[in-house]
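Enquirer: from the sequence below, what's the structure:
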Amino acid sequence: MQNLFKFIAVSCLLITQISLAQQNIIPVPVSYESTGSELIVNNNFAISLLTDNDVLQQQVIDFSKDLAALDIDFSDQVSDSASAKGLKIGIHDTIVEELGKEGYQLLVEGEGMVLMANTNAGVFNGLQTIRQLFPVKRTLSSEGEQEPINIETCIIKDYPRFAWRGLMLDVSRHFFTVEEVKAYLDQMAKYKLNVFHWHLTDDEGWRIEIKTFPKLTEVGAWRVERHGRFGSFRASPKKSEKATYGGFYTQEQIKEVIAYAAERNITIVPEIDVPGHSMALLAAYPQLSTKREFKFVNPGAKFSEWYGDGTFKMLIENTLNPADEGVYAFLDMIFGEIADLFPGEYIHMGGDECYHGYWEEDEKVQAFMAKNGINNGDELQSYFVKRVQKIISSKGKKMIGWDEIIEGGLAEGAAVMSWRSMNGGIDAARSGHNVVMTPKMFTYLDYTQGDYSVENKIYSDLSLEKAYSFDPMPNPNLFVDIDPKFILGGQGNLWTEEIPNLSFAFYMTYPRGMALAESLWSSLENKNWENFLTRTAVHLKRFDQQDLNVAKTLYEPRIRVYKEGKKLMCELKNYYSDIEMYYTLNNTYPVRFGTKYTAPFEIPEGDLSLRVQSFRNGEPIERLLQVHRTDLEKRVK
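Expert: This is a model prediction of the structure:
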């Protein structure tokens, strides 16, 4: 089978060319060679395994289920008919080094498809590509009969640029059920994302059963219910209020999700966030803090003050006591249960945004620091992190933490997840530590992605274009002293303070998650923003056909306001040449009866709003934007 691929590839070089415009695969493959014909699929498409094992059999079953809406008989029996078409799947007898563990080769001919890989994981990734070659639904003829499916014949060779291609889901701020987590994993897998970072604990909820300490979920998994946005308008709980909002995963449910993820080539990295972000833990066991006073699971109320220089003060203690040996014994038992549950090599210990003020105020902590030659809060946090690293290492796992764990001295063998920028990751890689790049300006999926007039404005912005520009590898011309092997890859992070349900989680994740997937899988040479826009438009239709809520802000008019002398001017932009934008300035609507945008225009004085919307073929393709003149003035740069 290997020789077949070699022969076809060499022959077709004379008659074909690589053309990314002729396919809509995301992430874009290493190579795609069109062979200029079509595979026509009707109602029968046989699937046969050239290499038989239980994992491949299950992958074929899942593949057939996912394409059930096409009404194709994906029989595993190859027909004797000369016209029979199908998919043959196999594992190479001799490893093809170039493909690695997750790569694959796919041949699409008029007679059918052949998918080959070195491993089951490679076959799985190849099946995700085949899914994208098929439509979500069949088209119907004028007589109401199903039309055949036409797939361009091609040769695809594909393998990932980075091994770590992740998404993080925060289930502490809002709880997501087992079925919702599975649905999130399903979409990850379709875009060859292979690491699920599960943020299981924080101030707003403890979400995993720890049998040794049942109060972590009896108390820590529940908070009083509040509505609206997190922050100043959410009140702390009253004494008479019952904590009824939340939930947690039993250990059996955790095992169920781990198995489900593994079937989709996804490794789960659990996060237990310490020593800060521990209010839910301390609500259950307040004796593990310095003050040892009553705590509550935070319902989203304001409990910190942030200052312009990036420093902050916690108004309520949410940190563990690093001078208490009981804390380390407690964590040893927790991480022991975590290590027994999760088969992956990494456990995330958090380590971010840890306020040192309560440590500085505590006499026993200060005495502990003096006794151990610890000079400041950073060194004390480093001491804590190093103790946790030893605990996790003793369980046969590797520790990873947010880039604050570098401060005061990085623990031996620890990996770093660099979120504030890439600088922490660069420093860690220089010291020989593994790094996952996840700088917030490129990867924070809770950030605003559209116009402020309709989006939930939060800490910052992250456009689709910005996400697509992400490259986890520091520029080798600037950082020649970094060995690329220490950059494991990257991931997107979905913090859920303002994301209360799965539908909105999908909206915030995609299509930016697709942009990150391409940045992590595809070679730099094959990345092309304009071509990605074309392919993304096709995938948004696929989401629509599955009735999944995703953002379409890439179609949205981008409003730029500027001054021209004393005139307030407005320029509208759009990524797509076939989209028309209509607007009004006289408080009238709908805007399709307004003015078609052709050039920058003046915003007159008065109590008025700019209304603007995108149209394709006379139909609205995105929501209406409405911005009052006073807000437009604030946008002048």
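Enquirer: and the helix or strand hosting residue 168, which strands flank it?
Expert: Using DSSP states H and E, residue 168 sits within strand 164-170. When pairing is defined by DSSP bridges, strand 164-170 lines up against strand 195-199 (parallel), strand 487-494 (parallel).
Enquirer: which of those sits closest to residue 446?
Expert: Closest of the strands paired with strand 164-170 to residue 446 is strand 487-494, at 6.0 Å (criterion: CB to CB). Just so you know, the C-beta spots here come from the backbone N, C-alpha and C atoms, and that holds for glycine as well.
Enquirer: what does that closest one rub up against?
Expert: With contact meaning CB atoms under 8 Å, 6 or more residues apart in numbering, strand 487-494 is reached by 162-170, 195, 197, 415, 417, 419, 425, 429, 434-438, 440, 443-446, 467, 470, 472-474, 505, 508-509, 512-513, 516, 519-520.
Enquirer: swap in stretch 531-538?
Expert: Contacting residues not belonging to stretch 531-538 are listed as 20-21, 23-26, 28, 464, 468, 511, 514-515, 518, 554, 575-576 [CB under 8 Å, 6+ apart].
Enquirer: now rank the residues you listed by neighbours and give me the top one.
Expert: residue 515 (30 neighbours; other CB atoms under 10 Å).
Enquirer: how close does it get to residue 609?
Expert: Distance of residue 515 to residue 609, computed by CB to CB, to the nearest Å: 31 Å.
Enquirer: show me where the stretch 251-400 of the chain has its strands.
Expert: For the stretch 251-400 of the chain, applying DSSP state E, counting those that start in this stretch gives strands covering 267-274, 304-306, 312-314, 346-350, 398-402.
Enquirer: let me redo that: the stretch 401-550 of the chain
Expert: 415-418, 435-437, 487-494.
Enquirer: chain center to the second one: distance?
Expert: Pointing back at strand 435-437 there. Here the centre of strand 435-437 is set off from its chain's centre by 14 Å, with CA atoms, centre = their mean, to the nearest Å.
Enquirer: one more: the longest one?
Expert: Shown here is strand 487-494, whose average C-alpha point lies 8 Å from the average C-alpha point of the whole chain (CA atoms, centre = their mean).
Enquirer: chain neighbours aside, what residue packs nearest to residue 602?
Expert: Among residues not flanking residue 602 along the chain, residue 567 sits closest, at 5.1 Å (CB to CB, 6 or more residues apart in numbering).
Enquirer: and the least confident of the contacts of stretch 531-538?
Expert: In terms of pLDDT, the lowest of those is residue 21, showing 35.
Enquirer: lowest mean pLDDT among the helices and strands, pick that one out for this structure.
Expert: Scoring the helices and strands of the chain by mean pLDDT, DSSP states H and E places helix 2-12 at the bottom, with a mean of 44.
Enquirer: list the buried residues for the helix or strand following that helix?
Expert: Using DSSP H and E, the helix or strand that follows helix 2-12 towards the C-terminus is strand 31-41. By 16 or more other CB atoms under 10 Å, the buried positions in strand 31-41 come out as 32, 33, 34, 35, 39, 41.
Enquirer: likewise for stretch 238-249?
Expert: Counting neighbours by 16+ other CB under 10 Å, one finds that the buried residues in stretch 238-249 are 243, 245, 246, 248, 249.
Enquirer: please apply the same query to stretch 107-119.
Expert: So for stretch 107-119, counting by 16+ other CB under 10 Å, buried means 107, 108, 109, 112, 113, 114, 115, 116, 117, 118, 119.
Enquirer: check stretch 530-547 too.
Expert: Quick answer for stretch 530-547 (16+ other CB under 10 Å): 532, 533, 535, 536, 537, 539, 540, 542, 543.
Enquirer: wait, doesn't the last one sit right on residue 513?
Expert: No. Look at residue 543 against residue 513 with CB atoms under 8 Å: they stay out of range, at 11.3 Å.
Enquirer: can you tell me the centre-most residue of this structure?
Expert: Closest residue to the average C-alpha location of the chain: residue 167 at 3.0 Å, with CA atoms, centre = their mean.
Enquirer: quick check: chain neighbours aside, which residue is closest to that residue?
Expert: Closest to residue 167 by CB to CB, 6+ apart is residue 492, at 5.2 Å.
Enquirer: residue 314 touches residue 355, doesn't it?
Expert: Yes. Counting by CB under 8 Å, residue 355 is a contact partner of residue 314 at 4.1 Å.
Enquirer: need the overlap of contacts for the two.
Expert: In contact with both residue 314 and residue 355: residue 304, using CB under 8 Å, 6+ apart.
Enquirer: spit out the contact partners of the residue nearest to the centre of the chain.
Expert: Counting by CB under 8 Å, 6+ apart, residue 167 touches 184, 188, 193, 195-197, 445, 491-494, 509, 513, 516.
Enquirer: among those residues, which one has the most neighbours?
Expert: That'd be residue 492 among the contacts of residue 167, by other CB under 10 Å, with 30 neighbours.
Enquirer: where in the stretch 201-350 of the chain is pLDDT low?
Expert: Counting by pLDDT under 70, the stretch 201-350 of the chain contains no low-confidence range.
Enquirer: residue boundaries of the helices in it?
Expert: Using DSSP state H, counting those that start in this stretch, the helices of the stretch 201-350 of the chain run over 215-218, 251-263, 279-284, 325-341.
Enquirer: so can I have a markdown table of those showing mean neighbour count?
Expert: As requested, the helices of the stretch 201-350 of the chain are arranged in a markdown table below (neighbours: other CB atoms under 10 Å):
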| stretch | mean neighbour count |
| --- | --- |
| helix 215-218 | 18 |
| helix 251-263 | 16 |
| helix 279-284 | 27 |
| helix 325-341 | 17 |
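Enquirer: which of those helices sits closest to residue 136?
Expert: Closest among those, using CB to CB: helix 251-263, at 21.4 Å.
Enquirer: hey, C-alpha coordinates of that closest one in CSV?
Expert: Extracted C-alpha coordinates of helix 251-263, given in CSV (Å, rounded to 0.1, in the frame of the first residue of the first chain):
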residue,chain,number,x,y,z
GLN,A,251,-15.3,9.9,39.7
GLU,A,252,-17.3,7.5,37.5
GLN,A,253,-18.4,10.4,35.3
ILE,A,254,-14.9,11.6,35.1
LYS,A,255,-13.8,8.1,33.8
GLU,A,256,-16.7,8.2,31.3
VAL,A,257,-15.5,11.5,29.9
ILE,A,258,-11.9,10.4,29.8
ALA,A,259,-12.8,7.3,27.8
TYR,A,260,-15.0,9.4,25.5
ALA,A,261,-12.2,11.8,24.9
ALA,A,262,-9.7,9.0,24.2
GLU,A,263,-11.9,7.6,21.5
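Enquirer: what's that helix packed up against?
Expert: Other elements packing on helix 251-263 under the criterion 3 or more CB pairs under 8 Å, 6 or more residues apart in numbering; DSSP states H and E are helix 54-66, helix 178-190, strand 267-274, helix 325-341.
Enquirer: now that helix and helix 54-66, what's the angle there?
Expert: 90 degrees (axes from the mean of the first three to the mean of the last three CA atoms, to 10 degrees).
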